[in-house]
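A.B. asks: Quick check, what structure comes out for this input:
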Amino acid sequence: MSTIYEVAALAGVSPATVSRVMNGMNVSPERSKRVREAAEALSFRPNRVAQGLRRQHSEVIALVIPDIENPFFTSMARGVEDVAQAAGYSVMLCNTDEDHDKEARYLDIAVSANIAGVVLAAAGDRSDVSGLIERNRPVVAVDRGPHGFDIDAVTVDNRAGGKAATKALLDNGFTRIACITGPRDVETAAQRADGWTAALSAAGLAADESLLRYANFRIDGGERAMTELLNLPEPPDAVFVANNLMSVGALQVLSQHGILPPRTGMAIFGDLPFMPLAPLPITVVHLPARLIGTTAATLLLERINGDDQPARTIVLRNRLAQL
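C.D. replies: Okay, here's the model as predicted:
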């Protein structure tokens, strides 16, 4: 079996440089290429267990998300994995179903298993990452963060996106615009609803609380909320739906009533996961899901490798589009 010293000799670098390359640390592209070519020529495989013991953590990062069936999180997970794999790390995927107890169990496992770090889309306001922080395990929040913790975060401007989507409906002549958003204790849900309120206010309209519905960020939540809205004495003429899966449920209900867009206006936050057979005039706030994942994983690996600068929040741009 080849050793790190043989790889270093063949590549013309020090053993320390080989170690840095294998651990995903900053090395010049030219030296990194020589080391990897030498390692491949010698069939060198680093001892991952020994490396983990020296660093006091494994070469695994955890990705904790609320719903793996949501294509947004699937795409984000791909971005995390791409960066992690390139740096020699594996990714443990944990699906919480928006359940705080389930999330807490996964975070406890991350501590006990010496996971190197965690990328977390929090289940809600009560998410607790104190156990990881106490053991110097870095955490990067994505999409939504746990309250009360000073950690890195990667997100989008939810309020601005909600405002732009609602304004697009107003610009198309709709005035009685409803909002279907996520759970009350999820910050992204509140921020997107705030954008709805802000757009109406800017147009001189008051936000009618009877037109605001909180749901579960899933298809059935969108179905129930849209059904309730259509059963109002004065139903809305348009709806802003604050995530992609709920929009599917809302569209199914509108289809059953024969009032699909453009008869009923619709704007959604996030890309529609299942495209209708016929194109519909729907405004979409496009989310850079994969870029969120790659950005978060890059921040996490920097922390794992010793970056100790103050916590950073990176806000990525949304893009308004028409289906």
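A.B. asks: any chance you could map the helices in the stretch 51-200 of the chain?
C.D. replies: Here the stretch 51-200 of the chain has its helices, by DSSP state H, counting those that start in this stretch, at 71-86, 100-112, 130-134, 158-171, 187-202.
A.B. asks: what element comes up after the last one heading to the C-terminus?
C.D. replies: Next in sequence after helix 187-202, counting helices and strands by DSSP states H and E, comes strand 212-214.
A.B. asks: check contacts around V27.
C.D. replies: T17, R20, V21, V35 (Cβ atoms under 8 Å, 6 or more residues apart in numbering). To be clear about C-beta, it is placed using only N, CA and C from the backbone, and glycine gets the same treatment.
A.B. asks: Tell me which two of these sit farthest apart.
C.D. replies: Greatest spatial distance among these (Cβ to Cβ): R20 and V35, at 8.7 Å.
A.B. asks: Neighbour count: the two, which is higher?
C.D. replies: Between R20 and V35, counting by other Cβ atoms under 10 Å, V35 is the more crowded of the two (25 against 18).
A.B. asks: Per-residue pLDDT of the more buried one, please?
C.D. replies: For V35, the model assigns a pLDDT of 88.
A.B. asks: Surely it touches S19?
C.D. replies: No - at 9.5 Å, V35 does not count as touching S19 under the criterion of Cβ atoms under 8 Å.
A.B. asks: quick one on the thing from earlier: please identify which of the contacts of V27 is nearest to E134.
C.D. replies: E134 lies nearest to R20 out of these, by Cβ to Cβ, at 28.0 Å.
A.B. asks: Wasn't that closest one part of a helix?
C.D. replies: Yes - with DSSP: H, G, I helix; E, B strand; the rest coil as the criterion, R20 is part of a helix.
A.B. asks: Does the closest residue to it other than its chain neighbours lie in a helix or a strand, and which?
C.D. replies: Nearest-residue entry for R20: V27, 5.2 Å, with adjacent residues in sequence omitted and distances by Cβ to Cβ, 6 or more residues apart in numbering. Using DSSP H and E, V27 falls within no helix or strand.
A.B. asks: any idea how far V27 is from V18?
C.D. replies: Using Cβ to Cβ, to the nearest Å, one obtains 9 Å as the distance from V27 to V18.
A.B. asks: now Q252
C.D. replies: Separation of Q252 from V18 (Cβ to Cβ): 56 Å.
A.B. asks: try V60
C.D. replies: On the measure of Cβ to Cβ, V60 and V18 end up 21 Å apart.
A.B. asks: swap in E302?
C.D. replies: From E302 to V18 the distance is 21 Å (Cβ to Cβ).
A.B. asks: With neighbour numbers in mind, choose between these two.
C.D. replies: Remark: of E302 and V18, V18 carries more neighbours, 28 against 19, as counted by other Cβ under 10 Å.
A.B. asks: who touches that one in this structure?
C.D. replies: Residues near V18 by Cβ under 8 Å, 6+ apart: I4, V7, A8, A11, V35, A39.
A.B. asks: go again using 6 Å as the cut-off
C.D. replies: Applying Cβ atoms under 6 Å, 6 or more residues apart in numbering, we find V18 in contact with I4, V7, A8, V35.
A.B. asks: Can you tell me which of those residues end up in helices?
C.D. replies: Secondary structure from DSSP state H places I4, V7, A8, V35 of the contacts of V18 in helices.
A.B. asks: Highest neighbour count among those residues?
C.D. replies: V7 (27 neighbours).
A.B. asks: Which residues are in contact with it?
C.D. replies: V7 neighbours (Cβ under 6 Å, 6+ apart): V18, A38, A39, L42, F44.
A.B. asks: Surely the second one touches L10?
C.D. replies: Pointing back at A38 there. Yes - with contacts counted by Cβ atoms under 6 Å, A38 reaches L10, the gap being 4.0 Å.
A.B. asks: Between these two, which is the more surrounded one?
C.D. replies: A38 (21 against 18).
A.B. asks: How much space separates the more buried one from G88?
C.D. replies: Counting by Cβ to Cβ, the gap from A38 to G88 is 16 Å.
A.B. asks: again with D237
C.D. replies: Taken as Cβ to Cβ, the span from D237 to G88 is 54 Å.
A.B. asks: Please apply the same query to G161.
C.D. replies: G161 sits at a distance of 35 Å from G88 (criterion: Cβ to Cβ).
A.B. asks: Now do the contacts for F73.
C.D. replies: Shown in contact with F73 (Cβ under 6 Å, 6+ apart): I65, D67.
A.B. asks: likewise A9?
C.D. replies: With Cβ under 6 Å, 6+ apart, A9 has no contacts at all.
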